[in-house]
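Q: sequence first, predicted model second:
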Amino acid sequence: GAALGAALAVALAGALAARSAPAGGPVGGGAPLPGFEGPIPNGDLDLQLLSLDTGAACLDGSPYGFYFRPAKTGSTRWSIFMQGGGWCYNEAECADRAGGHLGSSIGWPRHEGGCQCYNADEEGLAPTDDCNCLYLPYCDGASFSGHRDDPWPVLSAAAGGSDGAVTQLMFRGLRNLDATLDVALAGLGLSEATELVVTGSSAGGLATFLHADHIVEKVAEEAPGLVKAHALPIVGYFLDHTTFSHDTQNSYPARMEYVFGMQNVGSSGAVSPYCLSAYPEDPHLCFLAPHLLPFIETPLFVLNSKYDQWQLTNELQSDWKTEETQSAVEAYGNDFLSALLPLVKETGNGGFITSCICHGCAWDKLSLNGTVGGTPISANGYSWYALWASGLGEEGVQVLAVDPRGPNGDGAVTLDSCAAFPGP
């Protein structure tokens, strides 16, 4: 619509400070792109490692890489997916993470199993061969947001060792994102994009909130044909919430505040400057989705559970076996809606909020009833999203499905992906 076109025009004017993508080499079998090891990918989700000269790196200093699958139909629609996997809350946890696939590219498979197209219209989600899919693995521990030029030294003793040796950690999450976009714009066809969906799950869902505006602006600067862009954060709306025992030191917000400082997130360029200016005394709040959401300009649709299983376990830090803890779970769901719905309704964004206690939620099986523009709708999560993505959101029609019931639909939702309530 005209509103989105105007927004993209503003993005074009405002993105002049963004670093230009390097000039590309010949496509397919020719010289590789600058900073790019190997020929231009033309197969199915082959791993493409970036040169360390790009500044991109995993926690252990190994090269960052991405998976790409070009559309088989010649489509100019793009989906960019950021993988999740939690966070490392301190140096010791990051040193430990650096020894596995969430902190090192060593051992990453040469081929990724799948990359879903999240481009959608009235027909639903696009077929997997009808979009260009860019899959960004996660190996920085801070939702693609940190940056330090120099390695961050950690005594091995802090990571459980006793030899006094020093582990050097690389905090380059934002560079991993930007270097991937540079390559995609320079030679993979992202500069020809007409439609873009920015998405991710869990920590990648938080990354979607954090980076949607940045990604859209960067692409719009070099993709003059881009006419449609939006975001789909999946189970990424993590609350600013106390624990059941009111342990402020070990709460999720306190842990994320430490990550924010350790990885230099506030100065990396990853966080909305408008949000930072709103919280000059507490800039780390901009690393939490509820505080960040009011400043996001990219249209977005939220897929989440109000009783997110990860949040109940790691934020509320409770089970749901007793009447007291069950009441706390039900209150958390109310707090979730209070923190989300006003922000969604005020902006014309959309959402599908289930009562299923899940984190890996089965959006194709979870259904809700509601109305869109006065028309009754009964559809699953992806179908609600597709309705919104087809353009209704742009036209000011509210596309929002919220389950008002208690956990697991007061017992009516019995999918295997929903944790039992009361707890076993």
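A: Nice, I can see it.

Q: for residue 383, helix, strand, or coil?
A: helix (DSSP: H, G, I helix; E, B strand; the rest coil).

Q: quick one, helices of the stretch 151-300 of the chain?
A: In chain order, the stretch 151-300 of the chain shows helices spanning 173-187, 203-222, 252-262, 265-268, 273-278, 289-292, with DSSP state H, counting those that start in this stretch as the criterion.

Q: how about the fourth one: buried residues?
A: Neighbour-count burial for helix 265-268 flags 265, 266, 268 (criterion: 16 or more other CB atoms under 10 Å). Just so you know, the C-beta spots here come from the backbone N, C-alpha and C atoms, and that holds for glycine as well.

Q: out of the residues you listed, who's nearest residue 78?
A: Within the set of the buried residues of helix 265-268, residue 268 lies nearest residue 78; the separation is 24.4 Å, counting by CB to CB.

Q: in contact with that closest one, which residues?
A: Neighbouring residues of residue 268 by CB atoms under 8 Å, 6 or more residues apart in numbering: 145, 146, 147, 173, 174.

Q: quick check: the fourth one touching residue 136?
A: So the one you mean is residue 173. No - Residue 173 is beyond contact range of residue 136, at 10.2 Å (criterion: CB atoms under 8 Å).

Q: which of those two has more neighbours?
A: When neighbours are counted by other CB atoms under 10 Å, residue 173 comes out ahead of the other of residue 173 and residue 136, with 30 against 22.

Q: what about the residue nearest to the more buried one when sequence neighbours are not counted, distance to residue 274?
A: Counting by CB to CB, 6 or more residues apart in numbering, residue 173 lies nearest to residue 140, which is 3.3 Å off, once chain neighbours are set aside. Computed as CB to CB, to the nearest Å, the residue 140 to residue 274 distance reads 24 Å.

Q: one more: residue 333?
A: Going from residue 333 to residue 274 by CB to CB gives 30 Å.

Q: repeat that for residue 141.
A: According to CB to CB, residue 141 stands 26 Å off from residue 274.

Q: comparing the two, which residue is more hemmed in?
A: Just comparing residue 141 and residue 274: by other CB under 10 Å the higher neighbour count belongs to residue 141, 28 against 14.

Q: for the record, mean pLDDT for the longest helix anywhere in the chain?
A: Ranked by residue count under DSSP state H, the longest helix found in the chain is helix 323-347. Helix 323-347 shows an average pLDDT of 93 in the prediction.

Q: again with stretch 384-398
A: Throughout stretch 384-398, pLDDT has a mean value of 84.

Q: cool, stretch 70-84 as well?
A: For stretch 70-84, the per-residue pLDDT averages 95.

Q: how far does it sit from the chain's center?
A: Relative to the chain's own centre, stretch 70-84 is displaced by 15 Å; criterion: CA atoms, centre = their mean, to the nearest Å.

Q: can you check stretch 272-287 too?
A: Chain-centre distance of stretch 272-287: 19 Å, with CA atoms, centre = their mean.

Q: what do you get for stretch 182-194?
A: Between the centre of stretch 182-194 and the centre of its host chain there is 20 Å, according to CA atoms, centre = their mean.

Q: now that stretch: buried residues?
A: Using 16+ other CB under 10 Å as the test for burial, stretch 182-194 gives 182, 183, 184, 185, 186, 187, 188, 189, 190, 191, 193.

Q: ok, the fourth one - contacts?
A: Neighbouring residues of residue 185 by CB under 8 Å, 6+ apart: 21, 191, 218, 219, 222, 223.

Q: for it, give its distance to residue 271.
A: Between residue 185 and residue 271 the distance is 22 Å, computed by CB to CB.

Q: go on, the fifth one?
A: From residue 186 across to residue 271, the span is 26 Å (CB to CB).

Q: the second one now?
A: Distance, residue 183 to residue 271, by CB to CB: 24 Å.

Q: cool, the third one as well?
A: Residue 184 is 23 Å from residue 271, where distance means CB to CB.

Q: let me have the helices of the stretch 151-300 of the chain in TSV, adding distance to residue 85 and mean pLDDT as columns.
A: Written out in TSV, the entries for the helices of the stretch 151-300 of the chain read as follows (distance: least, CB to CB, whole Å; pLDDT from 0 to 100):
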stretch	distance to residue 85	mean pLDDT
helix 173-187	12	97
helix 203-222	6	98
helix 252-262	14	97
helix 265-268	17	94
helix 273-278	24	96
helix 289-292	17	97
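
Q: can you name the residues bridging to the residue nearest to residue 82 when sequence neighbours are not counted?
A: Once flanking residues are discounted, residue 82 sits nearest to residue 200: 3.3 Å by CB to CB, 6+ apart. Here residue 200 shows beta-bridge partners residue 82, residue 233, assigned using DSSP bridges.

Q: surely residue 200 is in contact with residue 207?
A: Yes - counting by CB under 8 Å, a contact exists between residue 200 and residue 207, whose distance comes to 5.0 Å.
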